[in-house]
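Chemist: A predicted structure for the sequence below; I have some questions about it.
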Amino acid sequence: MKNFRLINGTEIPAIGLGTWQTPDGETAVKAVSHAIKCGYRHVDAAAVYDNEKSVGEGIRKGLQEAGLKREELFVTSKVWNTERGYDRTMRAFEKTVGDLGLNYLDLYLIHWPANAKQFADWQKLNAETWRAMEELYKAGRIRSIGVSNFYAHHLEALMQGAEVMPMVNQIEFHPGFMQKEVVDFCHQHDILVEAWSPLGTGKMLSNETLLSVADKYGCSVAQLCVRWVLQNGVLPLPKSITPSRIEENLDVDGFTISDADMATINAMEYCGGSGLNADEVDF
Ligand code: NDP
């Protein structure tokens with residue numbers, strides 16, 4: 001699998017397995033271990049998904065059965081909104097690596113920015129969370145650090161006081177919801193954009209425009225979405241617990257979407273979005 005390269009030189013495999021809504025227990029163990037065995041080298045986890053122990057078990061099983069070392073897998077997790085601030089983030093990190101059964105993470109993200117709707121001092125709170133991440137990064141506990149769901153103004157405020165610049169911003173990104181302003185800001189600042197819900201949590205799969213373009217390439221709509229994300233310079237994180245779909249979502253090297261078809265998909269009207277706005281959410 002191809003890699004993206006982060007600003008600090010870290011290589012990050014170009015497609016990651018999503019794990020949100022992957023049921024804890026045997027389902028998560030099987031999905032993650034199957035993904036590793038069929039070629040995934042990147043797993044996207046988070047404390048709030050409430051399945052990190054099982055994801056960790058899946059990682060160990062997958063690595064063992066595929067004959068791989070820990071260093072050959074890229075593992076991301078995220079600090080949840082209730083754990084913002086320096087001390088809590090430090091504790092949240094230890095809990096996450098403990099649950100995953102790992103002694104380091106490849107990428108740790110602030111899951112959502114503290115926003116002005118909830119916090120008068122939102123900039124300070126994000127800065128304090130970030131300070132913990134920087135310290136863990138400098139200590140070698142995390143190979144790269146970043147954010148998720150940050151708009152340009154959240155990033156600008158964070159970067160003003162940061163010693164280590166954010167390397168990744170994981171945002172909602174799929175046909176019908178491209179978040180151009182934040183993507184452009186990230187690309188201008190060498191921040192890799194990762195696409196959450198690249199299939200619109202499944203809502204893209206019945207879209208008529210995508211069905212007709214996919215038909216031309218003889219691929220599934222899911223494959224078209226993954227490939228389209230990559231061709232936009234963004235890293236897709238498709239989630240599935242179904243073995244055949246896990247394999248299918250990784251199998252996107254056999255075709256290239258033409259410029260004309262990229263333009264058609266890029267021009268799609270808003271559709272399939274979660275409706276979540278980082279300035280408005282109250283969780
Ligand atoms: P996706 O957009 O990846 O869609 C997943 C859904 O599509 C599931 O219902 C899955 O079903 C189905 N599916 C997957 N592949 C196929 C296929 N080839 N054919 C048909 N159906 C398919 O969903 P998510 O919303 O989960 O987003 C992906 C990942 O992004 C998350 O898992 C998480 O890691 C991350 N994320 C991050 C967020 C953040 O705030 N940072 C927020 C949301 C997501 P099934 O599993 O039953 O096979």
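Modeler: Yes, it's here. Numbers count the residues shown, from 1 in each chain.

Chemist: which stretches of the stretch 151-283 of the chain have low pLDDT?
Modeler: The stretch 151-283 of the chain contains no residues with pLDDT under 70.

Chemist: which residues of it fall in strands?
Modeler: 168-172, 192-196, 235-236 (DSSP state E, counting those that start in this stretch).

Chemist: a markdown table please, covering these and showing distance to the ligand.
Modeler: Glycine gets a C-beta too; all of them are placed from N, C-alpha and C. As requested, the strands of the stretch 151-283 of the chain are exported to a markdown table (distance: least, Cβ to the nearest ligand atom, whole Å):
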| stretch | distance to the ligand |
| --- | --- |
| strand 168-172 | 5 |
| strand 192-196 | 3 |
| strand 235-236 | 8 |
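
Chemist: Would you mind naming the residues that bridge with the residue lying closest to Ile191 once chain neighbours are set aside?
Modeler: Of all residues not flanking Ile191 in the chain, Asn169 sits nearest, at 5.2 Å (Cβ to Cβ, 6 or more residues apart in numbering). Judged by DSSP bridges, the bridge partners of Asn169 are Val147, Val193.

Chemist: shouldn't Asn169 be in contact with Ile145?
Modeler: No: Asn169 is not in contact with Ile145 according to Cβ atoms under 8 Å; the separation is 11.4 Å.

Chemist: which bits of the chain sit near the ligand?
Modeler: Residues of the chain lying close to the ligand by Cβ under 6 Å from any ligand atom are 18-21, 44, 111, 148-149, 170, 196-202, 205, 220, 222, 237-242, 245, 248-249.

Chemist: Find the helix or strand that Lys78 is a member of.
Modeler: Element membership of Lys78 [criterion: DSSP states H and E] is strand 74-79.

Chemist: for that strand, which positions count as buried?
Modeler: The neighbour-count check on strand 74-79 (16 or more other Cβ atoms under 10 Å) flags 74-79 as buried.

Chemist: Now flag whichever of those residues is closest to Glu280.
Modeler: Minimum distance to Glu280 across those is 19.7 Å, recorded for Lys78 (Cβ to Cβ).

Chemist: coming back round to it: mark which of the residues of the chain next to the ligand are buried, thanks.
Modeler: The buried subset of the residues of the chain next to the ligand - by 16+ other Cβ under 10 Å - is 18-20, 44, 111, 148-149, 170, 196-201, 205, 220, 222, 237-241, 245, 248-249.

Chemist: In helices, which of those appear?
Modeler: 222, 245, 248-249 (DSSP state H).

Chemist: Where do the helices of this structure begin and end?
Modeler: Taking DSSP H as the test, the helices found in the chain are 26-37, 52-66, 86-100, 122-138, 152-161, 180-188, 208-217, 221-231, 243-250, 259-266.

Chemist: Could you say which of those is packed most deeply?
Modeler: Of the helices of the chain, the one with the most neighbours on average (mean count of other Cβ atoms under 10 Å) is helix 221-231, at a mean of 23.

Chemist: Pick out the residue in this protein sitting closest to the ligand.
Modeler: Closest residue of the chain to the ligand, Cβ to the nearest ligand atom: Gly18 (2.4 Å).

Chemist: Find the nearest non-adjacent residue to Ile265, please.
Modeler: Nearest to Ile265 is Pro175, by Cβ to Cβ, 6+ apart, at 5.0 Å.

Chemist: Count the neighbours of the one you found for me.
Modeler: When neighbours are defined as other Cβ atoms under 10 Å, Pro175 has 26 of them.

Chemist: how much space is there between it and Arg143?
Modeler: Distance, Pro175 to Arg143, using Cβ to Cβ, to the nearest Å: 31 Å.

Chemist: tell me the contacts of the residue nearest to Phe255 when sequence neighbours are not counted?
Modeler: Of all residues not flanking Phe255 in the chain, Tyr217 sits nearest, at 4.6 Å (Cβ to Cβ, 6+ apart). When contacts are counted by Cβ atoms under 8 Å, 6 or more residues apart in numbering, Tyr217 touches 224, 255, 257.

Chemist: do Leu105 as well
Modeler: So Leu105 contacts 75-77, 93, 96-97, 141-143 (Cβ under 8 Å, 6+ apart).

Chemist: Would you reformat those as a markdown table and include pLDDT and distance to Glu163?
Modeler: Listed next are the contacts of Leu105 as a markdown table, based on pLDDT from 0 to 100; distance: Cβ to Cβ, whole Å:
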| residue | pLDDT | distance to Glu163 |
| --- | --- | --- |
| Val75 | 99 | 24 |
| Thr76 | 99 | 21 |
| Ser77 | 99 | 22 |
| Phe93 | 98 | 18 |
| Thr96 | 98 | 22 |
| Val97 | 98 | 22 |
| Arg141 | 98 | 16 |
| Ile142 | 98 | 14 |
| Arg143 | 98 | 17 |
